Each structure stands twice: as structure tokens, then as C-alpha cells.
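Novice: 3D, please:
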Amino acid sequence: MTEALVVLITAASGDEAANIAKALVEGRLAACVNIVKEVRSMYRWQGRVADEKEVLMIAKTRKELFADVVRKVKELHSYSVPEIIALPVVEGFEEYLAWLGAETEKG
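Specialist: Alright, predicted model coming up:
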């Protein structure tokens, strides 16, 4: 069975998110990326509390591809420290996980 991950990535805009999502899917680094139009993010950055609108990406990939996902996101992202957080998929519909594995196979 494929060790699947859900990767959360925030971006500054919908265009940036779409560009990153397309690169991940086209490069077979993610089988699917959902883009959630607007989230409100509050975080501490450089000594102050920020309150910003961001776009959230939810990428479905395999654990072994995480380092490549990070490299690609950092290459395309406008932030110096982008949020890239992976959560393990503990359970999932077997056919979906098989599809995820097949769509992230290089070759």
C-alpha cells in the first residue's frame, strides 16, 4: 500500500497557488491539489503578529516524494519560508490510494 500524505501549503494569491499546484500535478509530485480560495491566517513573523488573507493548497502525494514537493514549492513560492506541512493518511479508500500511487509514479 502507498504511504500517502496530505500536504498543506499556503500561498499569497490564487495565481501563485494555481501555478504551484499545476507544477506539482504535471510533475507527478502530487496526484491532486485542492485550492481553497481564501483563508485568514494569523501568525507571528519577524516579531509581530500578522493577519493576512492567503490561499490554501491541499496536495495528495506519497511520503517518498515529500522532499521533491518541498523543493518544487520553494522554487516557485514567493515566501522566504513557505508553509509546507505533511500529515500522514492513516486510512483511506483503497481505490483512491491506488489511484494516488499510480498518478505519482514517474515513467
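Novice: so where do the helices sit in this structure?
Specialist: When secondary structure is read from DSSP state H, the chain shows helices at 14-26, 66-76, 94-103.
Novice: buried sites along the first one?
Specialist: Read that as helix 14-26. Along helix 14-26, these residues count as buried under the neighbour rule (16 or more other C-beta atoms under 10 Å): 16-17, 20-21, 23-25. (C-beta placed from N, C-alpha, C; glycine too.)
Novice: what comes into contact with it?
Specialist: Outside helix 14-26, the residues within contact range by C-beta atoms under 8 Å, 6 or more residues apart in numbering are 9, 11, 29-33, 35, 37, 55-57, 59, 61, 69, 72-73, 76-78.
Novice: show the buried residues in the residues you listed.
Specialist: Applying the neighbour count, that is 16+ other C-beta under 10 Å, the buried entries in those are 9, 11, 29-33, 35, 55-57, 59, 61, 69, 72-73, 76-77.
Novice: how about low-confidence regions in this protein?
Specialist: Residues of the chain meeting the criterion pLDDT under 70: 1, 107.
Novice: run through the residues that contact the closest residue to residue 38 other than its chain neighbours.
Specialist: Of all residues beyond its chain neighbours, the one nearest residue 38 is residue 53 (5.5 Å), with distances taken as C-beta to C-beta, 6 or more residues apart in numbering. The neighbours of residue 53, taking C-beta under 8 Å, 6+ apart as the test, are 38-41.
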